[in-house]
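Enquirer: whatever this is, show me its structure:
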Amino acid sequence: MTQDSQPKKPKTPSRQQVYTLLVEVGRSDNDGLPAKSTGAALMIYASGVDEAEAVRETVAILKQADMAPLDVSGYGTLDERLAEGHDISDDERALMARAKAENSVIVVQSTPFYD
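Expert: Residues are numbered from 1 along each chain as shown. Next up, the predicted model:
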């Protein structure tokens, strides 16, 4: 039997889920934040097999982008947020689907802090 004629294994369903995270970042050189800001809050959709993995991946990527993550708050998966009564727009759902499909971290919103 050649490699091409072997039966293909059925794809196992992805265990990846998308988590909504709120990350507070401080200042660092080359972080891309406005000059007079003291930091920012970033709303993020991140994929992971669990929330801990999504947080680890998010923090690692933000550090690669010269940002200084200080605190991460998790708001759960799409299903968890819907169960809590959150109103989630079609645009947000599309971004969550993209994060899952691309196994990625997407910064949805950035709100700078000022003194």
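
Enquirer: neighbours around Thr111, how many?
Expert: Other residues near Thr111 number 11, with proximity taken as other C-beta atoms under 10 Å. To be clear about C-beta, it is placed using only N, CA and C from the backbone, and glycine gets the same treatment.

Enquirer: phi, psi of the most centrally placed residue in the chain?
Expert: Geometric centre of the chain, nearest residue: Ala46, 2.0 Å, by C-alpha atoms, centre = their mean. Main-chain torsions, Ala46, degrees, to the nearest 10: phi -130, psi 140.

Enquirer: now swap in Asp66 and tell me
Expert: With angles defined as degrees, to the nearest 10, Asp66 shows backbone torsions of phi 60, psi 30.

Enquirer: please apply the same query to Ile106.
Expert: The phi and psi torsions at Ile106 (degrees, to the nearest 10) take the values phi -120, psi 120.

Enquirer: ok, back up a step: next one: the residue nearest to the centre of the chain from Ala65, what distance?
Expert: 14 Å (C-beta to C-beta, to the nearest Å).
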